[in-house]
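Asks: heads up, no residue letters with this:
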């Protein structure tokens, strides 16, 4: 990515075309009135395959910087149409939470057009209808203590919504929700074996496995692979972990997410938070953000 064209810190979205002879970022999507503000970052970005629309979380970095001690700041869910090149609607998530909780960072969808936004400080899920007119605390916080780091990711298959809980037992748990419910009711997914999950970040179900495989990004470790053979996610097999490349880990790169690009290939995203900010911008001077192909490693664990 070109110097100073930050995505996260400038509250924009990069469009990457992997099908070009020389794959590259071909477009930077901006959001009028929001992009470029130093108090907003672009965090969760999810393509809704059902509607061909993009859901983007523009969040306050304060909860993450302070470890949940301060959850102040504005947070938005933006629904964007790539085909029309415009924002369809925007929801102020801080208005929904009343500013009492925050750390909004990931998003998912159901077959009825609803959008689900996860909050981390403490665990929460907000549901927004398909028109962006009604937003509610579908799974409100179960505590007033904003310090503990709770849910950090969402993934879905059918009407099953999965969240990973960093504040659960055994160093973190996987929770299952039924998106048909009027309110979110979590159930712990039994993992065999029940392996310690340290400092997890985003979670992802690659389309190629049709809802049977969950990739859990673990910041300083790599990507954990879980499988539910029936895609019901009442129980899950822990198959192992694809370790972060030592070259990247040694350079202070963390793994916030995994992603499928194209019909087959799986990648581990490398993210660098360290670095000096370039004067006059919200971004640092890093020019490369590598993505590591982990397809063969994941396939080996599934075999």
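Replies: Cool, got the structure. For clarity, every value in this text was computed on a predicted model and none was experimentally measured.
Asks: kindly state the pLDDT recorded for residue 136?
Replies: In the predicted model, residue 136 carries a pLDDT score of 98.
Asks: let me redo that: residue 283
Replies: pLDDT at residue 283 comes out at 70.
Asks: that one: neighbouring residues, count only.
Replies: With neighbours defined by other C-beta atoms under 10 Å, the count for residue 283 comes to 18. C-betas here are computed from N, CA, C, even on glycine.
Asks: same check, this time on residue 146
Replies: Residue 146 sits with 23 neighbouring residues when counted by other C-beta under 10 Å.
Asks: ok, it to residue 273 distance?
Replies: As defined by C-beta to C-beta, to the nearest Å, residue 146 lies at a distance of 21 Å from residue 273.
Asks: how about residue 31?
Replies: Distance, residue 31 to residue 273, by C-beta to C-beta: 22 Å.
Asks: more crowded one of these two?
Replies: residue 31 (20 against 12).
Asks: which residues does the nearest residue to that one once chain neighbours are set aside form beta bridges with?
Replies: Leaving aside its chain neighbours, residue 31 sits nearest to residue 78 (5.7 Å; criterion: C-beta to C-beta, 6 or more residues apart in numbering). With DSSP bridges as the criterion, residue 78 is bridged to residue 56, residue 90.
Asks: neighbours around residue 78, how many?
Replies: Considering only other C-beta under 10 Å, residue 78 is surrounded by 22 other residues.
Asks: which strands border the one helix or strand residue 201 maps to, and is each parallel or antiparallel?
Replies: Assigned by DSSP states H and E, residue 201 falls within strand 200-204. When pairs are called by DSSP bridges, strand 200-204 turns out to pair with strand 213-218 (antiparallel).
Asks: which residues does the strand it pairs with contact?
Replies: 153, 155, 162, 164, 174, 197-206, 223-228, 233, 236, 241, 255-258, 266, 268-269, 298, 302 (C-beta atoms under 8 Å, 6 or more residues apart in numbering).
Asks: tell me if I'm right that the residue nearest to residue 31 and residue 55 touch.
Replies: Yes. If you go by C-beta atoms under 8 Å, residue 78 and residue 55 touch, sitting 7.4 Å apart.
Asks: okay, how far is it across stretch 97-105, tip to tip?
Replies: End-to-end distance for stretch 97-105, by C-alpha to C-alpha, to the nearest Å: 14 Å.
Asks: next, name the residue at the spatial heart of this protein.
Replies: Centroid check for the chain by C-alpha atoms, centre = their mean gives residue 106 as the closest residue, at 3.8 Å.
Asks: partners of it in the sheet?
Replies: residue 118.
Asks: just checking, what packs against the host helix or strand of residue 242?
Replies: Per DSSP H and E: residue 242 is located in strand 235-243. Secondary-structure packing of strand 235-243 (3 or more C-beta pairs under 8 Å, 6 or more residues apart in numbering; DSSP states H and E): strand 190-192, strand 222-227, helix 295-302.
Asks: each with direction, which strands does the shortest one pair with?
Replies: Using DSSP bridges, the neighbouring strands of strand 190-192 in the sheet come out as strand 235-243 (parallel).
Asks: who's in contact with the partner strand?
Replies: Outside strand 235-243, the residues that reach it (C-beta under 8 Å, 6+ apart) are 174, 189-195, 214, 218, 221-229, 268, 294, 297-298, 301-302.
Asks: now it: how far from the chain's centre is it?
Replies: From the chain centre to the centre of strand 235-243 is a distance of 19 Å (C-alpha atoms, centre = their mean, to the nearest Å).
Asks: in it, what's buried?
Replies: Burial within strand 235-243, assessed by neighbour count using 16 or more other C-beta atoms under 10 Å, is assigned to 236, 237, 238, 239, 240, 241, 242.
Asks: so which of these is the closest to residue 69?
Replies: In terms of C-beta to C-beta, no member of those lies closer to residue 69 than residue 241, at 30.6 Å.
Asks: quick check: beta-bridge partners of that closest one?
Replies: In this structure, residue 241 bridges to residue 224 when assessed by DSSP bridges.
Asks: pLDDT value on it, please?
Replies: Looking at residue 241, its pLDDT stands at 96.
Asks: again with residue 150
Replies: Turning to residue 150, the model gives it a pLDDT of 94.
Asks: ok, residue 210 touching residue 231?
Replies: Yes. Residue 210 is in contact with residue 231 according to C-beta under 8 Å; the separation is 6.7 Å.
Asks: shared neighbours, those two?
Replies: Common neighbours of residue 210 and residue 231 (C-beta under 8 Å, 6+ apart) are residue 157.
Asks: ok, these two, which is more surrounded?
Replies: The neighbour comparison of residue 210 against residue 231 (other C-beta under 10 Å) goes to residue 231, with 15 against 10.
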